[in-house]
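Student: I would like the atomic coordinates for the input below:
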Amino acid sequence: MIHSRKTSLSEPRWVGLDQVRSSLLPLKVSAWLRDSGSLTRALTSACEGRFEVQVQKQGWGKSLPGERSELNMAAGVLSLVREVKLLCNDEPWVFARTLIPATSLRGAARRLAHLGNRPLGAVLFSNPHTRRLGIQVARLTAQHALFHAACSHLERPPREIWGRRTLFSYAAKPLLVNEIFLPVIPERRK
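Tutor: Numbers count the residues shown, from 1 in each chain. Take a look at the predicted model:
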């Protein structure tokens, strides 16, 4: 779908995971949304084949208003924005968008700017001081900017997809990770 420059895509309504009844989440992605461990580790375990991270883009950019609010950033402050697809056997299962405020890229956290095709989760969860400060979930549709970024490779995008976003503290610095689950991801049972 092509949008004119005048079309403004919105953000989904993010809700705290602890505020959502399990019955409201689609069965196929419920366990993925609720998993409190490393998504990289879970995907690698579920993928019967080759797991890889494919960087779509990385560079300085602006946060969406909701992202900026979660990170407690002032308008106009730039973040390092990293968008990747997590693939199993060359098929995208997850689209991830990470925002790291410029002020967070100091000290030990500087290494996050140089991940290349390495998974962010492997770095975050290998540090015992990493803290997950909050998880939110959302249903995304064609009116949302993240939906279009996640489904850009699909010839026929679905009507909706689900995602979660997590505010982390890494090396005592905040970063926000959006993980959008694509239609081909297999159902996972806990």
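Student: helices of the chain, start to end?
Tutor: 27-34, 39-46, 65-70, 120-124, 145-150 (DSSP state H).
Student: mind putting the ones you listed into a markdown table with mean neighbour count and mean pLDDT?
Tutor: (C-beta placed from N, C-alpha, C; glycine too.) Shown next, in a markdown table, are these (neighbours: other C-beta atoms under 10 Å; pLDDT from 0 to 100):
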| stretch | mean neighbour count | mean pLDDT |
| --- | --- | --- |
| helix 27-34 | 18 | 88 |
| helix 39-46 | 17 | 91 |
| helix 65-70 | 17 | 91 |
| helix 120-124 | 19 | 87 |
| helix 145-150 | 21 | 91 |
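Student: quick one: the ones you listed as a markdown table, columns for distance to residue 157 too.
Tutor: Below are these laid out as a markdown table (distance: least, C-beta to C-beta, whole Å):
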| stretch | distance to residue 157 |
| --- | --- |
| helix 27-34 | 16 |
| helix 39-46 | 21 |
| helix 65-70 | 21 |
| helix 120-124 | 25 |
| helix 145-150 | 7 |
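Student: gap between stretch 26-38 and the chain center?
Tutor: Between the centre of stretch 26-38 and the centre of its chain there are 13 Å (C-alpha atoms, centre = their mean, to the nearest Å).
Student: same question, stretch 50-65
Tutor: That offset, for stretch 50-65, works out to 9 Å (C-alpha atoms, centre = their mean).
Student: ok, and what's touching that stretch?
Tutor: Applying C-beta atoms under 8 Å, 6 or more residues apart in numbering, the contact partners of stretch 50-65 are 11, 43-44, 71, 73, 76-90, 92, 95, 99, 102, 116-119, 145-146, 149, 176.
Student: try stretch 179-190
Tutor: 27-29, 31-35, 39, 42, 46, 91-97, 140, 146-147, 149-151, 154, 158, 161-166.
Student: tell me where this protein has strands.
Tutor: 15-16, 51-61, 79-88, 91-101, 131-140, 161-170, 173-181 (DSSP state E).
Student: report the rounded mean pLDDT for the second one.
Tutor: Model confidence over strand 51-61 averages 94 on the pLDDT scale.
Student: can you give the strand pairings for it, parallel or anti for each?
Tutor: Using DSSP bridges, the strands paired with strand 51-61 in its sheet are strand 79-88 (antiparallel).
Student: picking up where we left off before, buried ones among the contacts of stretch 50-65?
Tutor: Among the contacts of stretch 50-65, those buried by neighbour count (16 or more other C-beta atoms under 10 Å) are 11, 43-44, 71, 73, 79-88, 92, 95, 99, 119, 145-146, 149, 176.
Student: and stretch 97-108, what's buried?
Tutor: 97, 98, 99, 100, 101, 104, 105.
Student: turn the residues you listed into CSV, including pLDDT and distance to residue 63.
Tutor: As requested, the buried residues of stretch 97-108 are exported to CSV (pLDDT from 0 to 100; distance: C-beta to C-beta, whole Å):
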residue, pLDDT, distance to residue 63
97, 96, 10
98, 95, 11
99, 94, 5
100, 94, 10
101, 93, 8
104, 89, 12
105, 88, 14
